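Enquirer: Please find the sequence and the predicted model below.
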Amino acid sequence: MSILVIAEHDNQTLKGSTLITIAAAVAIGGDIDVLVAGHDCTAAVEACAKVAGVSRVKVADAPHYAAQGAENLAALVVAQAAGYTHVLSPATTFGKNFMPRVAALLDVAQISDIVAVQAPDTFVRPIYAGNALATVRSEDAVKVITVRTTAFEAAAEGGPAPVETVEAAADLGLARLVRRELTKSERPELAGARIIVSGGRGLGSGENYHAQLEPLADVLGAALGASRAAVDAGYVPNDYQVGQTGKIVAPELYVAIGISGAIQHLAGMKDSKVIVAINKDPEAPIFQVADYGLVADLFQAVPELTSALR
Amino acid sequence: MKILVPVKRVVDYNVKVRVRSDGSGVDIANVKMSMNPFDEIAVEEAVRLKEAGVATEVVAVSCGLAQCQETLRAAMAIGADRGTLVESDTELQPLAVAKLLKAVCDKEQPQMVICGKQAIDDDANQTGQMLAALMNWPQATFASKVALADGVTTVTREIDGGLETLEIRLPAVVTTDLRLNEPRYATLPNIMKAKKKPLDILKPEELGVDVRPRLTTLKVTEPPQRSAGERVADVAQLVDKLKNVAKVI
């Protein structure tokens, strides 16, 4: 077997999601090549060559890969796919965007969001927002797979793997990136954080969200998250959202504050190792999944918790 | 400008599905079925573009059982002008649906296809992107804003780190995220009107599409259940548990 992993990176740094995808490739078994498509992406390539399990790093460097638009990236992957039995990418907005294009152009099914590898052709994936797990087998010659980033342990350092340059495909010119507004934060990224402090509608306003949760996140060195209700109410931007339609997270510690625990939110965090819930409603569904539940007014409990941890 | 909106009939989002004890799937007998919520957002967006004078016609398309006619009627009650059902009893997987939609697009020649980013049953998140690839069209997935002005189509997308704005050539595929709009409730007069709107029925064979499934589901199981832990009396006890029992801080 031979596997091609498509790296998620921002030309400078390799995203943690790539390390997890490489770990899933290791679970499938076989030679693992990683394709880095970008522009002026030497730093990302070097990081990639230092990941354990990687046989070879392939680099396609061209201006039209700088923003990694789905159309050009899919065309490149299809051109590079010959001879591989599996093509893998993380099930982040990066991988979800272009991988189905790859599958369609190869005329194969995509297996989305796998959480386990049972055999090189058999995988487990959640359906119905994680309320059921399906074991599926693919008979296609090439398995196109996206990997849930909470389901595997990141690949360690190793290598160095050899790097080779591959030819860029032509620029299709179908779409143009106008701008990217990335939320700037000194905090850890939500997707890979060890501790997450997450807030919901119970906070009442964006002002309260920041005033209550930021000091707590600071003392814990935690990332900040939110429920869909809090995002829809405009307290914080969309990329804070934890849940089925937002980010799927599995930190060591997830602190849910003023979050009732709608099914779609639980789907995004129930694999966390330890869950703490603080909510004044003792009937809130979040308590059914919490390891430690505190029924209290968050406006008293959160400052108290923050100063106790200081 | 004609807009095509694919709509899927799925288990209603309020229903908590049960896994069949023999592991063959989830039990969908006698449960409420509705239009996939992301597709509802897609219909709403297309209808708003028509109301704004940007689009001239909105065509809803569904692929699946005869009952998908109800889903098409629901789309027409929101404001779609007509519906097309590609009727099939086969389990239709995303690649098959994308191929059927391509055949419909070849016939209808829409300038834009707006579809939900994923269906809430199989959670695949593939069909829109696959259709765009088969048509060799650009795509803008996970859209939270769509603007058409002076021949330029600009789409704001929700991505992991924040937002991204793309300029795309038409024809194109746009897939909807939750914050694109809030779908209206269909009024009774519009539900009545929808019953009289045209609805065509096609078969995959007429469209020359092979819809055989590529993936076989071997079994469906319950996920490991998480049980409720303990209630703590106060903050001091919580800190003690986290430090000395769970040892996570």
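Expert: Nice, thanks for sending it over.
Enquirer: so residue A:34 sits in a strand?
Expert: Yes: when DSSP: H, G, I helix; E, B strand; the rest coil is applied, residue A:34 is found to be in a strand.
Enquirer: If we ignore the residues flanking it in sequence, what's nearest it?
Expert: residue A:5 (4.7 Å; Cβ to Cβ, 6 or more residues apart in numbering or on different chains). For every residue, glycine as well, the C-beta is placed using N, CA and C.
Enquirer: Give me the phi and psi for the one you found.
Expert: phi -100, psi 130 (degrees, to the nearest 10).
Enquirer: just residue A:177 next, same as before
Expert: According to degrees, to the nearest 10, residue A:177 has phi -80, psi 120.
Enquirer: The residue nearest to residue A:34 is in contact with residue A:33, isn't it?
Expert: Yes: the pair residue A:5 / residue A:33 is scored as a contact, 7.2 Å apart, by Cβ atoms under 8 Å.
Enquirer: Who has more neighbours out of those two?
Expert: residue A:5 (30 against 19; other Cβ atoms under 10 Å in any protein chain shown).
Enquirer: So what pairs up with residue A:292 in the strands?
Expert: residue A:276, residue B:230 (DSSP bridges).
Enquirer: who's in contact with it?
Expert: If you count contacts by Cβ atoms under 8 Å, 6 or more residues apart in numbering or on different chains, residue A:292 has them with A:274, A:275, A:276, A:277, B:229, B:230, B:231, B:232, B:238, B:241, B:242, B:246.
Enquirer: Residue A:71 - nearest residue in space that isn't next to it in sequence?
Expert: Nearest one to residue A:71, counting by Cβ to Cβ, 6+ apart, is residue A:174 at 4.6 Å.
Enquirer: Please determine how far the one you found is located from residue B:115.
Expert: Using Cβ to Cβ, to the nearest Å, one gets 18 Å for the distance from residue A:174 to residue B:115.
Enquirer: Those two - which one has more neighbours?
Expert: Under the criterion of other Cβ under 10 Å, the comparison of residue A:174 against residue B:115 puts residue B:115 first, with 31 against 19.
Enquirer: quick one: is the host helix or strand of the more buried one near chain A?
Expert: Element membership of residue B:115, judged by DSSP states H and E, is strand B:112-116. No: using Cβ under 8 Å from any Cβ of the partner chain, strand B:112-116 never reaches chain A; the gap is at least 10.8 Å.
Enquirer: average pLDDT across the helix or strand following that strand?
Expert: Scanning forward in sequence from strand B:112-116 by DSSP H and E, the next helix or strand is helix B:127-135. Averaging pLDDT along helix B:127-135 yields 98.
Enquirer: Then stretch A:33-46?
Expert: 97.
Enquirer: any idea how far it is from the chain center?
Expert: Stretch A:33-46 sits 19 Å away from the centroid of its parent chain (Cα atoms, centre = their mean, to the nearest Å).
Enquirer: where do the helices sit along chain B?
Expert: For chain B, applying DSSP state H gives helices covering B:37-51, B:68-78, B:94-108, B:127-135, B:188-194, B:204-207, B:235-240.
Enquirer: got the ones you listed as TSV, with mean neighbour count and distance to residue A:294 columns?
Expert: Below are the helices of chain B laid out as TSV (neighbours: other Cβ atoms under 10 Å in any protein chain shown; distance: least, Cβ to Cβ, whole Å):
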stretch	mean neighbour count	distance to residue A:294
helix B:37-51	23	33
helix B:68-78	23	43
helix B:94-108	22	43
helix B:127-135	27	43
helix B:188-194	13	47
helix B:204-207	14	55
helix B:235-240	16	5
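Enquirer: How much space separates residue B:94 from residue B:150?
Expert: To residue B:150, residue B:94 is 34 Å away according to Cβ to Cβ.
Enquirer: Check residue A:301 too.
Expert: Using Cβ to Cβ, residue A:301 is found at 53 Å from residue B:150.
Enquirer: Same question for residue A:308.
Expert: Taking Cβ to Cβ, one finds residue A:308 at 58 Å from residue B:150.
Enquirer: Between those two, which has more neighbouring residues?
Expert: residue A:308 (13 against 4).
Enquirer: Validate this expectation: the more buried one resides in a helix.
Expert: Yes: Residue A:308 forms part of a helix when assessed by three-state DSSP.
Enquirer: Grab the nearest non-local neighbour of it.
Expert: Nearest residue to residue A:308, sequence neighbours excluded (Cβ to Cβ, 6+ apart): residue B:239, at 4.9 Å.
Enquirer: so who does the residue sitting nearest the centre point of chain B touch?
Expert: Residue closest to the mean C-alpha point of chain B, counted by Cα atoms, centre = their mean, is residue B:116 at 3.1 Å. Listed by Cβ under 8 Å, 6+ apart, the contact partners of residue B:116 are B:6, B:8, B:36, B:37, B:38, B:39, B:40, B:41, B:42, B:128, B:175, B:176.
Enquirer: ok, and which of these reach chain A?
Expert: Among these, the ones lying near chain A by Cβ under 8 Å from any Cβ are residue B:128.
Enquirer: What is the nearest of the contacts of residue B:116 to residue A:111?
Expert: Nearest to residue A:111, judged by Cβ to Cβ, of the contacts of residue B:116 is residue B:128 at 17.5 Å.
Enquirer: before we move on, back to that, ok, the contacts of residue B:116 vs residue B:225, which is closest?
Expert: residue B:37 (25.6 Å).
Enquirer: ok, now which ones touch the closest one?
Expert: Contacts of residue B:37 (Cβ under 8 Å, 6+ apart): B:13, B:116, B:120.
Enquirer: hmm, 6 Å instead?
Expert: residue B:13 (Cβ atoms under 6 Å, 6 or more residues apart in numbering or on different chains).
Enquirer: Quick check: it vs residue B:12, distance?
Expert: 9 Å.
Enquirer: Same check on residue B:135?
Expert: For residue B:135, the distance to residue B:12 - Cβ to Cβ - is 31 Å.
Enquirer: do residue A:11 as well
Expert: Taking Cβ to Cβ, one finds residue A:11 at 44 Å from residue B:12.
Enquirer: quick one, which of these two is more surrounded?
Expert: residue A:11 (19 against 14).
Enquirer: and that one, which of the three is it?
Expert: coil.
Enquirer: Pretty sure it sits against residue A:42.
Expert: No: applying Cβ atoms under 6 Å, one finds residue A:11 not in contact with residue A:42, separated by 8.6 Å.
Enquirer: So which residues make contact with the helix or strand of chain A with the lowest mean pLDDT?
Expert: Within chain A, no helix or strand scores below helix A:263-269, which has a mean of 91 by mean pLDDT, DSSP states H and E. Residues from elsewhere that reach helix A:263-269 (Cβ under 6 Å, 6+ apart): A:129, A:130, A:227, A:242, A:243, A:244, A:248, A:249, A:254, A:289.
Enquirer: who touches the second one in this structure?
Expert: Residues near residue A:130 by Cβ under 6 Å, 6+ apart: residue A:267.
Enquirer: pLDDT at it, what is it?
Expert: 89.
Enquirer: same question, the last one
Expert: As predicted, residue A:289 sits at a pLDDT of 95.
Enquirer: can you count the residues close to the closest residue to residue A:15 other than its chain neighbours?
Expert: Of all residues not flanking residue A:15 in the chain, residue A:8 sits nearest, at 4.3 Å (Cβ to Cβ, 6+ apart). Residues lying near residue A:8 (other Cβ under 10 Å) number 24.
Enquirer: Return the residues in contact with residue A:8.
Expert: A:15, A:17, A:18, A:90, A:94.
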